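**Student:** The following comprises the amino acid sequence and a computationally predicted model.
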Amino acid sequence: MRQPTVRTTKIFTFDAAHFLPGHEGKCAQMHGHTYRLEVTVERKDGGVATGGPEDGMVIDFGRLSALIKDRVVDKLDHKVLNDCFPFRPTSENMARHIFIELSAILANEDVNVVRVVLWETPTSYVEVTA
């Protein structure tokens, strides 16, 4: 029997504003959202760590939380997103950027990012997967 894959997810919210130049609608104007960010990771072998302080874990929730807060949330919270990125700050572009950035950071830790979900509204989200 194939062993199940174990994944860990952390969820965050942050408030930010943006505008989409060239958009043919209300989003061309400055407006804000309370974004919800979900980041899901798994170990490269699909299991959990054996031995050490993270024994039995994919990654310590506190360590994953601190990493995402430092590298993503604190950089975007209460900011104008157009000033934070060198690209048009659509949810799709931001989610892909977050996925790539976190993947690079965790690459040496035996942990893969497998899913980033960025909710722009309570009924609209984008998903980036491995």
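**Tutor:** All right, it came through fine. Numbers count the residues shown, from 1 in each chain.
**Student:** contacts, neighbours, all on C-alpha from now
**Tutor:** Noted.
**Student:** Just the element for Val39, please.
**Tutor:** strand 31-43 (DSSP states H and E).
**Student:** repeat for Phe14
**Tutor:** Here Phe14, judged by DSSP H and E, is contained in strand 7-18.
**Student:** Can I get the top helix by length along the chain as CSV, trimmed to CA atoms?
**Tutor:** Assignment by DSSP state H gives helix 91-106 as the longest helix of the chain. C-alpha atoms of helix 91-106 as CSV (Å, rounded to 0.1, in the frame of the first residue of the first chain):
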residue,chain,number,x,y,z
SER,A,91,-3.8,38.1,-7.4
GLU,A,92,-2.5,35.6,-10.0
ASN,A,93,0.8,37.3,-10.3
MET,A,94,1.2,37.8,-6.6
ALA,A,95,0.4,34.2,-5.8
ARG,A,96,2.8,32.9,-8.4
HIS,A,97,5.5,35.2,-7.0
ILE,A,98,4.9,34.1,-3.4
PHE,A,99,5.0,30.4,-4.5
ILE,A,100,8.4,30.9,-6.3
GLU,A,101,9.9,32.9,-3.4
LEU,A,102,8.9,30.5,-0.7
SER,A,103,9.9,27.5,-2.8
ALA,A,104,13.4,29.0,-3.1
ILE,A,105,13.7,29.6,0.6
LEU,A,106,12.6,26.1,1.6
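**Student:** between the helix or strand following it and strand 7-18, how many degrees?
**Tutor:** Per DSSP H and E, the first helix or strand lying C-terminal to helix 91-106 is strand 111-121. Here strand 111-121 points in a direction 40 degrees away from that of strand 7-18 (axes from the mean of the first three to the mean of the last three CA atoms, to 10 degrees).
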